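Chemist: structure for this input, please:
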Amino acid sequence: MSAAAAGDVLAPRELQGPSTAARFYRPALRFIKKQPLGAFGLLIVIILVVLAALPSVIAPQRYDDFDVTARLQAPSMDYFFGTDQLGRDNFSRIIYASRTSVIIGFSAVLVAAAIATAVGVSSAYFGGWFDTVFQRLIDVWMSFPGLIFIVFVVAIFGNGRGTIILTLGLLYGAGSSRVIRSAALTVRSMSYIEAVRATGAGDLRIILRHVIPNVTPIIIVNASVQVGAVILAESSLSFLGFGTPPPFPSWGRMLGEAQTYMTQHPHLALFPGAAIALTVYGCNMLGDALRDTLDPRLRRGA
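Modeler: Model (predicted):
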């Protein structure tokens, strides 16, 4: 064995670099230390995703199981969140309803991010009349009242989950495109973009390899904040009766059904409302923490 090989074998552990576990835990611990509210928001989002993925394992009953002899029961050890007017377990229904919020919230944000990235980056990169036309279309797009526009579309095309996801994605993609366009304008003005163009690189290559990677932190931060807004919009839609059709539960529909009995049985509205508020709070705190962590301007200020 050569001396170099022996040195590699006998090198101290501290000279071999951090392990895979250390490379994961150190940034995580640093994030928790610097952004405790963001870490709490991340914990809420993780719990929400776990509940949405495994409702049949976590919930003590199915969402459509009912017992008419146990109607409008107050919270107890048998029914943690009480029962509704049909004798259904509210705790189980809230857990199952988290799947609706997660699927619609994350899917609509993915659609919005894809639309906003395509429109914002292309508009900023090409500029000129192309940018002017697109921005005027965005002005018209954003002039529609949000909730009224969603109700209008759902009333025409039905309240299927796909229709709601696409409508919310289109609605929230308009405002996001302005934010991404501003970031892409800054990237386009950098000298290295001119250098890459001088080497003969095409527009598509420059956009995919240089512009989009540099605005990705803005896309991630914007999407994380929008998840809470989309979940709130879906709950409002369900509260008005235009959300996902029954029998599958939704937090907004549970609030709507609780209106008649809310005075005598406030738990019917308290727990679904708390689920919505806690989820939106967690998404907003996570989005703020990601903005502080990923935005290079804020990092330089810190």
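Chemist: what pLDDT does residue 117 get?
Modeler: Residue 117 carries a pLDDT value of 90.
Chemist: number of residues surrounding it?
Modeler: 25 (other Cβ atoms under 10 Å). Heads up, the C-betas are built off the backbone N, CA and C, glycines and all.
Chemist: skipping its backbone neighbours, what lies nearest the spatially most central residue of the chain in space?
Modeler: Geometric centre of the chain, nearest residue: residue 227, 2.8 Å, by Cα atoms, centre = their mean. Closest residue to residue 227 apart from its sequence neighbours, by Cβ to Cβ, 6 or more residues apart in numbering: residue 283 at 4.5 Å.
Chemist: how distant is the one helix or strand the one you found maps to from the center of its chain?
Modeler: If you go by DSSP states H and E, residue 283 is part of helix 267-294. Centroid separation between helix 267-294 and its chain, computed with Cα atoms, centre = their mean, to the nearest Å, is 10 Å.
Chemist: with stretch 242-253 instead?
Modeler: With Cα atoms, centre = their mean as the basis, stretch 242-253 stands 19 Å off its chain's centre.
Chemist: mind listing what's buried in the helix holding residue 283?
Modeler: 267-273, 275-276, 279-280, 282-294 (16 or more other Cβ atoms under 10 Å).
Chemist: before we move on, what SS does the closest residue to residue 286 other than its chain neighbours have?
Modeler: In space, and not counting its chain neighbours, residue 286 is closest to residue 41: 3.6 Å by Cβ to Cβ, 6+ apart. Secondary structure state of residue 41, per DSSP: H, G, I helix; E, B strand; the rest coil, is helix.
Chemist: check contacts around residue 41.
Modeler: Going by Cβ atoms under 8 Å, 6 or more residues apart in numbering, residue 41 touches 281, 282, 283, 284, 285, 286, 287, 289.
Chemist: distance of the closest residue in space to residue 214 that isn't next to it in sequence from residue 145?
Modeler: Of all residues not flanking residue 214 in the chain, residue 187 sits nearest, at 4.7 Å (Cβ to Cβ, 6+ apart). As defined by Cβ to Cβ, to the nearest Å, residue 187 lies at a distance of 33 Å from residue 145.
Chemist: what's the answer for residue 247, then?
Modeler: 30 Å.
Chemist: kindly report the same for residue 288.
Modeler: 27 Å.
Chemist: okay, now the unreliable bits of the stretch 201-302 of the chain?
Modeler: 295-302 (pLDDT under 70).
Chemist: what about the helices in it?
Modeler: In the stretch 201-302 of the chain, the helices defined using DSSP state H, counting those that start in this stretch lie at 203-206, 212-239, 251-257, 267-294, 296-301.
Chemist: now those helices as TSV including distance to residue 89?
Modeler: Formatted as TSV, the helices of the stretch 201-302 of the chain follow (distance: least, Cβ to Cβ, whole Å):
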stretch	distance to residue 89
helix 203-206	54
helix 212-239	19
helix 251-257	12
helix 267-294	11
helix 296-301	45
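Chemist: for residue 171, which of these is the nearest?
Modeler: The minimum distance between residue 171 and the helices of the stretch 201-302 of the chain falls on helix 212-239, with 8.0 Å, by Cβ to Cβ.
Chemist: list the buried residues of the closest one.
Modeler: 212, 214-215, 217-239.
Chemist: ok, now which ones touch residue 104?
Modeler: Shown in contact with residue 104 (Cβ under 8 Å, 6+ apart): 161, 164, 165, 168, 230, 231, 234, 244.
Chemist: what does residue 187 give?
Modeler: Residue 187 neighbours (Cβ under 8 Å, 6+ apart): 193, 210, 211, 214, 215.
Chemist: could you do residue 258 as well?
Modeler: The contact partners of residue 258, taken as Cβ under 8 Å, 6+ apart, are 84, 265, 268, 269, 272.
Chemist: how close does the spatially closest residue to the second one that is not a sequence neighbour get to residue 87?
Modeler: Residue nearest to residue 265 in three dimensions, not counting chain neighbours: residue 72, with 5.3 Å by Cβ to Cβ, 6+ apart. Plainly put, residue 72 is 8 Å away from residue 87 if you go by Cβ to Cβ.
Chemist: cool, residue 255 as well?
Modeler: Separation of residue 255 from residue 87 (Cβ to Cβ): 19 Å.
Chemist: with neighbour numbers in mind, choose between the two.
Modeler: Applying other Cβ under 10 Å to residue 255 and residue 87 shows that residue 255 carries more neighbours, namely 22 against 16.
Chemist: so what's that one up against?
Modeler: For residue 255, counting by Cβ under 8 Å, 6+ apart, the contacting residues are 235, 239, 269, 272, 273, 276.
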